[in-house]
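> heads up, no residue letters with this:
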């Protein structure tokens, strides 16, 4: 037994119910689980246990720290995304209305590489590259991008090491 909120009814007044048949879905306010929609290429880089920072955009953007508990393996047929699930601490969940939309930021495992401005990256049919400058000569350097954000990119350190004496 627990205190909760009814989120679904499978029976109405006057229905005949068989013993053991569910009649309602009851959700505990202390065991909040958030469903995430995750891009497949991001899902490949994370594992259960990763820290998830949630913000409720319509509730003063307060941050809530949770933990990724599982990641599905089947793409959703409509969205082409993977389902993930994360727990939110009971104390924080108690203040969220059921059905609240949250934005989630999942911490990726630490990676080593060369951090460069995203604007330095160029792309063509051969792939991603940048120009390195050595003395008075600019040279194309094909690179592998490990992770990127809107303004920064982490590139493979082996590629960057080859031109470590050159300025990017």
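Thanks, I have the structure now. In this text, all values refer to a predicted model and were calculated from it rather than measured experimentally.

> drop to CA atoms for contacts and neighbour counts, all remaining ones
OK.

> any regions of the protein where pLDDT drops low?
By pLDDT under 70, the low-scoring segments of the chain are 29-31, 59, 61, 159-168.

> helices along that one, start to end?
Secondary structure of the chain (DSSP state H): helices at 40-43, 90-93, 157-162.

> distance check, the residue nearest the centre of the chain against residue 65.
In the chain, the centroid-proximal residue (C-alpha atoms, centre = their mean) is residue 106; its distance is 4.3 Å. The gap separating residue 106 from residue 65 is 10 Å, by C-alpha to C-alpha, to the nearest Å.

> do residue 158 as well
Residue 158 is 34 Å from residue 65, by C-alpha to C-alpha.

> more crowded one of the two?
Taking neighbours as other C-alpha atoms under 10 Å, residue 158 and residue 65 compare with residue 65 leading, 16 against 13.

> now do the contacts for that one.
Listed by C-alpha atoms under 8 Å, 6 or more residues apart in numbering, the contact set of residue 65 reads 51, 52, 53, 54, 88, 89.

> what pairs with it across the strands?
Taking DSSP bridges as the rule, residue 65 bridges to residue 53.

> same thing with residue 105?
Taking DSSP bridges as the rule, residue 105 bridges to residue 53.

> count the residues that sit near it.
Using other C-alpha under 10 Å: residue 105 sits among 12 other residues.

> got it, and residue 138?
With other C-alpha under 10 Å as criterion, residue 138 counts 14.

> ok, it touching residue 130?
No - in this structure residue 138 lies outside contact range of residue 130 using C-alpha atoms under 8 Å: 9.8 Å.

> show me what contacts residue 28?
In this structure, residue 28 makes contact with 2, 3, 4, 5, judged by C-alpha under 8 Å, 6+ apart.

> and those, which two are furthest apart?
Based on C-alpha to C-alpha, the longest span within these runs between 2 and 5 and measures 9.9 Å.

> neighbour count: the two, which is higher?
Each of residue 2 and residue 5 has its neighbours counted (other C-alpha under 10 Å); residue 5 has more, 12 against 9.

> can you give me the strands in this structure?
Secondary structure of the chain (DSSP state E): strands at 4-9, 24-28, 32-38, 51-55, 63-71, 82-88, 103-106, 114-117, 122-124, 127-134, 137-142, 145-148, 152-155.

> in stretch 26-42, what counts as buried?
Buried residues in stretch 26-42, counted by 16 or more other C-alpha atoms under 10 Å: 27, 29, 30, 32, 33, 34, 36, 37, 38, 40.
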